[in-house]
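1. next input, structure requested:
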Amino acid sequence: VQNIVRDWNWGTSTKIRVNVPAFTIISERMPLTLYLNLAALVFYLPFGFFFGILAALKKDTIVDNILQVLIMVFLSVPSLVLLLTLIIILSYQFNLLPSLFPLVGIESFWKVAQGFVIPVLAVGLPSIAGLTRILRAELSEVLTSEFVLLAKTKGLSHTQAVLRHAIRNSLVPMVPIIIGSFAGLLGGSFILESVYAIPGVGRITLQALAAGGYDYNVILVSSAFYSTIGLSTALIVDLSYGIIDPQIRMGAKR
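-> All right, here's what the predicted structure looks like:
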């Protein structure tokens, strides 16, 4: 610990890449893991919000019923099964996308970009389903609240009442879910990176944990990386409450 704090020395790898600094091994793979999970976050948030709002506004209609069926399907199917299904359909049957992640630095940028599609879909589709379900429940409750009805009596249309009041109030309990989902996406990338041959932090961590290849220093740096992401998301969640709900800022000033 003293070496880490004083000299930023995390030790060297003993199995993965012998005598190479463990921090160098993980830092080389950090960008790809972060890019992959940020892409999944950017993909699923707009669709999750759109379908969640649509389901709440069309509650108990045919549109809502179809969305509920799709939500149950994507929440029930594990990400690993969904990943393999996407590989079989998009790679082997239709030959639209690579079956394994392209070699970064060797393949073209377009090929690498294509390699993001399947893992982002595999992680993003269940996340869209989860966000849609939660937002539908929260927004449906807010839409029947007194302040939304009061806004309508003051002359606001249903759409204006939803956009100006209902959505913002329904976001307050969802902030920790949305922001914290990034840490969850990172945690779920272990198996994803191994199956799809993505050279990220998750894959190298599993290699360092393998029997006969146990690499303590690499695991130490990887654990620090995931812990930092978890602590950072928790801090961002706390800070974001004041942005979403002005009452929290007013309470702090008192």
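
2. residue ranges with poor pLDDT in the stretch 101-250 of the chain?
-> 187-188, 211, 241-250 (pLDDT under 70).

3. show me the helices in it, by range?
-> 109-143, 146-153, 158-161, 167-171, 175-187, 189-195, 201-209, 216-244, 246-253 (DSSP state H, counting those that start in this stretch).

4. closest to Val63 out of the ones you listed?
-> Nearest to Val63 among the helices of the stretch 101-250 of the chain is helix 109-143; the distance by C-beta to C-beta comes to 11.4 Å. The C-beta positions use only the backbone N, C-alpha and C, and glycine is treated the same way.

5. flag every buried residue along that closest one.
-> Within helix 109-143, the residues scored as buried using 16 or more other C-beta atoms under 10 Å are 112, 114-140, 142-143.

6. distance to Leu100 added to the helices of the stretch 101-250 of the chain, as TSV?
-> Shown next, in TSV, are the helices of the stretch 101-250 of the chain (distance: least, C-beta to C-beta, whole Å):
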stretch	distance to Leu100
helix 109-143	8
helix 146-153	50
helix 158-161	46
helix 167-171	39
helix 175-187	21
helix 189-195	9
helix 201-209	12
helix 216-244	22
helix 246-253	47
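
7. and of the ones you listed, who's closest to Leu80?
-> Comparing the helices of the stretch 101-250 of the chain under C-beta to C-beta, the one sitting nearest is helix 189-195, at 5.6 Å.

8. and that closest one, what's buried?
-> Using 16+ other C-beta under 10 Å as the test for burial, helix 189-195 gives Ser189, Phe190, Leu192, Glu193, Ser194, Val195.

9. in a markdown table: these, plus distance to Gly230.
-> Shown next, in a markdown table, are the buried residues of helix 189-195 (distance: C-beta to C-beta, whole Å):
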| residue | distance to Gly230 |
| --- | --- |
| Ser189 | 14 |
| Phe190 | 15 |
| Leu192 | 18 |
| Glu193 | 18 |
| Ser194 | 21 |
| Val195 | 24 |
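
10. from the chain's centre, how far out does stretch 148-162 sit?
-> Here the centre of stretch 148-162 is set off from its chain's centre by 33 Å, with C-alpha atoms, centre = their mean, to the nearest Å.

11. quick one: residues in contact with that stretch.
-> Ile53, Leu57, Leu139, Val142, Leu143, Arg164, His165, Ala166 (C-beta atoms under 8 Å, 6 or more residues apart in numbering).

12. list just the nearest of the residues you listed to Ser99.
-> Ile53 (35.9 Å).

13. run through the residues that contact the closest one.
-> Taking C-beta under 8 Å, 6+ apart, one finds Leu135, Leu139, Val162, Ile167 in contact with Ile53.

14. and the second one, what does it touch?
-> Remark: with contacts taken as C-beta under 8 Å, 6+ apart, Leu139 is in contact with Gly52, Ile53, Ala56, Val162, Ala166, Ile167, Ser170.

15. likewise the first one?
-> Leu135 makes contact with Gly48, Phe49, Gly52, Ile53, Ala55, Ala56, Ser170, Met174 under the criterion C-beta under 8 Å, 6+ apart.
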